[in-house]
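1. With the input below, show me the fold.
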Amino acid sequence: MNRVSYTWMLLSMCLLWHLIIYGETNEAEVLDNFLKSRLSKKPSSVVYSWAWLNEKTGNYPNYIQPQDGSMETDKISALPGQPNGVDFNHYSGYVTVDSKAGRALFYYFVESPDNSSTNPLVLWLNGGMVIVNHLSL
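-> Here you go, the predicted structure:
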């Protein structure tokens, strides 16, 4: 056996010895201790309330800019590599939420091919840092 093999064997034995001596707790106990420690602490500063969001954004309740004619211009006729015969409509564009500040949400919307009034749909919104952080929680 060469020197590398002896080194690996020695490291493996040291690790095994360490696990035998200090590894008395099992995974369930470690997880339980972790969960208890998370519950005992105050909520993280990452979790924001709607009141905080309204305070930071200026509290614009029900504030929507007119989007006249956007549906026709935002309709996607075909995507690169999209197969022929796709039987659903999909749209992509920006929805203005604050024209004075130049704020808009990017959206990608896919209609159901069968019955769009009852079937689920896909709506992807992507905004600035504040919006992304709050929607991903």
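2. use CA for all of it now, contacts and neighbours both
-> Will do.
3. residue ranges of the helices in the protein, please?
-> Assignment of helices within the chain using DSSP state H yields the ranges 3-22, 27-40, 50-57, 70-74, 129-135.
4. now the shortest one: mean pLDDT?
-> The one in question is helix 70-74. pLDDT averaged over helix 70-74 equals 80, rounded to a whole number.
5. got the buried residues for that helix?
-> Across helix 70-74, burial judged by 16 or more other CA atoms under 10 Å covers D74.
6. Which strands or helices does it pack on?
-> For helix 70-74, the packing partners by 3 or more CA pairs under 8 Å, 6 or more residues apart in numbering; DSSP states H and E come out as strand 90-98.
7. now the strand it packs on: mean pLDDT?
-> For strand 90-98, the mean per-residue pLDDT is 81.
8. And stretch 110-130, by the same measure?
-> 70.
9. Please shift the residue numbers so they start at 42 in all later answers.
-> I'll keep to 42 as the first residue from here, and by that count the last item is stretch 151-171.
10. Could you break the protein into its assigned domains?
-> Here the domain parsing of the chain from automatic domain parsing is 44-81, 91-176.
11. how close does Y132 get to L166?
-> Noted for Y132: a distance of 12 Å to L166, by CA to CA, to the nearest Å.
12. K116 reaches N130, doesn't it?
-> Yes. A contact is recorded between K116 and N130 when judged using CA atoms under 8 Å, the distance being 7.2 Å.
13. re the thing from before, overlap in contacts of Y132 and L166?
-> Overlap between the neighbourhoods of Y132 and L166 consists of 148-149, taking contacts as CA atoms under 8 Å, 6 or more residues apart in numbering.
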